[in-house]
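Enquirer: Structure for this input, please:
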Amino acid sequence: MEDILTYGFMQRALVAGVFISIACAILGVFLVLKRDAMLGHGLSHVTFGGVALGLFLGIKPLLMALVVAVFCSVIIQKLREKAGLYEDTAIGIFSSTGMAIGIILVTLSGKFNVDLFSYLFGNILAIERFEVVIAVFLAVTVIMVISFFYQELLYQTFDAEAARTSGIRIGFLDAVLAVLTSITVVIGMKVVGILLVAALLVIPSAAGLQIAKTFRQAVIISSVVSIGSVIAGLFAAFYWDLPAAGTTVVVAFLVFLAFGTLRILKKRGVLE
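Expert: You can find the predicted model right below:
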């Protein structure tokens, strides 16, 4: 561990990875319980379009991706409310369109290069100081907003109709959750890449829900799984030259399998 921390790039990777993994875990629990896990997957495709637009215009891809993802997350919610589309339909429309536009822009700009692949597949070891600052700031923002609306989001997650009847603005909270998810997808793409960031949102949260007895426990366990998976990915990249993004997701999946097996054994009375 001391060897790892002597390198600046590892320090940046650890700081960014821990904050991002916490934000992913907290949001992921809400998304999984609300059955909106596909939102992260859809927004990751939209984010690719934002990255491609940034590369095409010569603007910071991270900032452009953030603007595009937040904008599309709001439009998805509006389409669901005003046009009567199911959320998965709206997500499907924007995810496929975003990916298609991204492919066109990247082809026109001729920038199928290492930078693009780092966004697609993640490269946490190459994260820059500027990106660390943005990642920490946005992750803290996500955590603060979730904390502020915690009771309303919790109520809506478990009983949306009762929450609506009691006067809680369901549409507004859905938009808040969608915007926060888009932000988290963007800041998470340098950790595991656009193609795998949805997994970091869903798998640790699903793992935590396997053994948690309360919602708060689920958030804590999911955060621990998410942080542990990211750290394992960094160790694998540093010592064994394995891709950090792939290792992170595989470790999270293995933990999910372990927790799922434990839950089944308890249900069958094999374990107390």
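Enquirer: Check which residues of stretch 123-143 are buried.
Expert: Neighbour-count burial for stretch 123-143, counted by 16 or more other C-beta atoms under 10 Å, picks out 123-125, 127, 131-132, 134-136, 138-139, 142-143. Backbone N, C-alpha and C define where each C-beta goes, glycine included.
Enquirer: what is the mean pLDDT for the helix or strand harbouring Ile231?
Expert: Element membership for Ile231, per DSSP states H and E: helix 215-240. In this model, helix 215-240 has an average pLDDT of 90.
Enquirer: Check which element follows that helix along the chain.
Expert: Tracing the chain past helix 215-240, the next element assigned as helix or strand by DSSP H and E is helix 244-267.
Enquirer: List of residues touching that next one?
Expert: Helix 244-267 has contacts (C-beta atoms under 8 Å, 6 or more residues apart in numbering) with 13, 121-125, 191-193, 196, 199-200, 203-204, 206-208, 210-211, 225-226, 228-230, 232-234, 236-237, 271-272.
Enquirer: Give me the buried stretch members for it, please.
Expert: By neighbour count on 16+ other C-beta under 10 Å, the buried set for helix 244-267 is 244-253, 255-256, 259.
Enquirer: likewise stretch 6-17?
Expert: Met10, Arg12, Ala13, Leu14, Ala16, Gly17.
Enquirer: could you redo the buried residues of stretch 123-143 as a markdown table and give each row secondary structure?
Expert: Formatted as a markdown table, these follow (DSSP: H, G, I helix; E, B strand; the rest coil):
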| residue | secondary structure |
| --- | --- |
| Asn123 | coil |
| Ile124 | helix |
| Leu125 | helix |
| Ile127 | coil |
| Glu131 | helix |
| Val132 | helix |
| Ile134 | helix |
| Ala135 | helix |
| Val136 | helix |
| Leu138 | helix |
| Ala139 | helix |
| Val142 | helix |
| Ile143 | helix |
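Enquirer: with the residues you listed in mind, which one is nearest to Ala160?
Expert: Nearest to Ala160 among the buried residues of stretch 123-143: Val142, at 21.6 Å, using C-beta to C-beta.
Enquirer: Next one: the residue nearest to that closest one when sequence neighbours are not counted relative to Val186, how far apart?
Expert: Take Val142 and drop its neighbours on the chain: the residue closest to it by C-beta to C-beta, 6 or more residues apart in numbering is Ala23, 4.4 Å away. With distances taken as C-beta to C-beta, to the nearest Å, Ala23 is found 11 Å from Val186.
Enquirer: just Arg80 next, same as before
Expert: Taking C-beta to C-beta, one finds Arg80 at 21 Å from Val186.
Enquirer: Compare neighbour counts for the two and give me the winner.
Expert: The neighbour count for Arg80 versus Val186, taken as other C-beta atoms under 10 Å, is higher for Val186 (31 against 20).
Enquirer: Not counting residues beside it along the chain, what's closest to Val136?
Expert: In this structure, Val136 finds its nearest non-sequential neighbour in Phe19, 5.0 Å apart by C-beta to C-beta, 6+ apart.
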